[in-house]
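Enquirer: sharing a sequence plus its predicted fold:
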Amino acid sequence: METAVNGYQPIVELYREAGRAQDAGAIIAALAMIFVGIDTMAWLSLPLGEDSVRRAHFCAWVDGYMKADQEQPYQYVGIDVYAARCAMLHHYGIMAELHNNPDPPKKFGYLDNGPHRADGSELVLISIAVLVHDFGKAVANFVQAALQDAELKARIDSRVEQLVSNFPVRTQAQAANAPR
């Protein structure tokens, strides 16, 4: 996911931000960026005229685009990821209100690297390295889907300019040392 197409640079930058956090060893920051990223992708894909992401939108985006490699012992399920997102972003935890329901979603614990770990219990250990990689693939799949689906592309295009954009600013010293 190196280059942006059709003005989608803010989408690429959001993914890269998660990777930069992971590379810096800030794995929980990377995790938070992934959850922010999924919320953002769900918002970009909302039907025209809607502007509020709900649980169903988030879960649909995960179920439609987030795929782990087949050899991973855990395959993403929208409601599991949503519950993990709520737990982390609302109170920096692994338990969300959804986990108190009958037939609760999986709880996520986190590893910095290696494969996901699942043994059939209620707890899945999610590898942040794998999650960042899989989110990148999901974003690439999402952009590819938009290039083949005019309606999805129109939804994304109507919102993408509202995303944060990075504008690098060089200091005078950096400008003076730049190749000419």
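Expert: Structure's in. What do you need? Numbers count the residues shown, from 1 in each chain.
Enquirer: where is the longest helix in the protein?
Expert: helix 128-148 (DSSP state H).
Enquirer: same for it, what does it pack against?
Expert: helix 9-23, helix 27-44, helix 55-65, helix 150-157 (3 or more C-beta pairs under 8 Å, 6 or more residues apart in numbering; DSSP states H and E). Quick note: C-beta positions are derived from backbone N, CA and C, even for glycine.
Enquirer: tell me the angle of it relative to helix 27-44?
Expert: Relative orientation of helix 128-148 and helix 27-44, computed by axes from the mean of the first three to the mean of the last three C-alpha atoms, to 10 degrees: 20 degrees.
Enquirer: restrict helix 128-148 to CA atoms and write it as CSV.
Expert: Output in CSV follows, covering the C-alpha atoms of helix 128-148 (Å, rounded to 0.1, in the frame of the first residue of the first chain):
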residue,chain,number,x,y,z
ILE,A,128,-0.4,-6.2,16.7
ALA,A,129,2.1,-6.9,13.9
VAL,A,130,-0.3,-9.1,12.1
LEU,A,131,-3.2,-6.8,12.7
VAL,A,132,-1.4,-3.8,11.2
HIS,A,133,-0.5,-5.9,8.2
ASP,A,134,-4.0,-7.2,7.8
PHE,A,135,-5.5,-3.6,8.2
GLY,A,136,-3.2,-2.5,5.4
LYS,A,137,-4.5,-5.3,3.2
ALA,A,138,-8.0,-4.4,4.1
VAL,A,139,-7.5,-0.8,3.2
ALA,A,140,-6.0,-1.8,-0.1
ASN,A,141,-9.0,-4.1,-0.8
PHE,A,142,-11.3,-1.3,0.1
VAL,A,143,-9.7,1.1,-2.3
GLN,A,144,-9.7,-1.6,-5.0
ALA,A,145,-13.4,-2.2,-4.4
ALA,A,146,-14.0,1.5,-4.8
LEU,A,147,-12.2,1.5,-8.1
GLN,A,148,-14.6,-1.2,-9.3
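Enquirer: picking up where we left off before, mean pLDDT and distance to residue 144 for the helices and strands packed on helix 128-148 - can I get that in JSON lines?
Expert: Output for the helices and strands packed on helix 128-148, formatted as JSON lines (pLDDT from 0 to 100; distance: least, C-beta to C-beta, whole Å):
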{"stretch": "helix 9-23", "mean pLDDT": "91", "distance to residue 144": "12"}
{"stretch": "helix 27-44", "mean pLDDT": "96", "distance to residue 144": "13"}
{"stretch": "helix 55-65", "mean pLDDT": "98", "distance to residue 144": "10"}
{"stretch": "helix 150-157", "mean pLDDT": "94", "distance to residue 144": "10"}
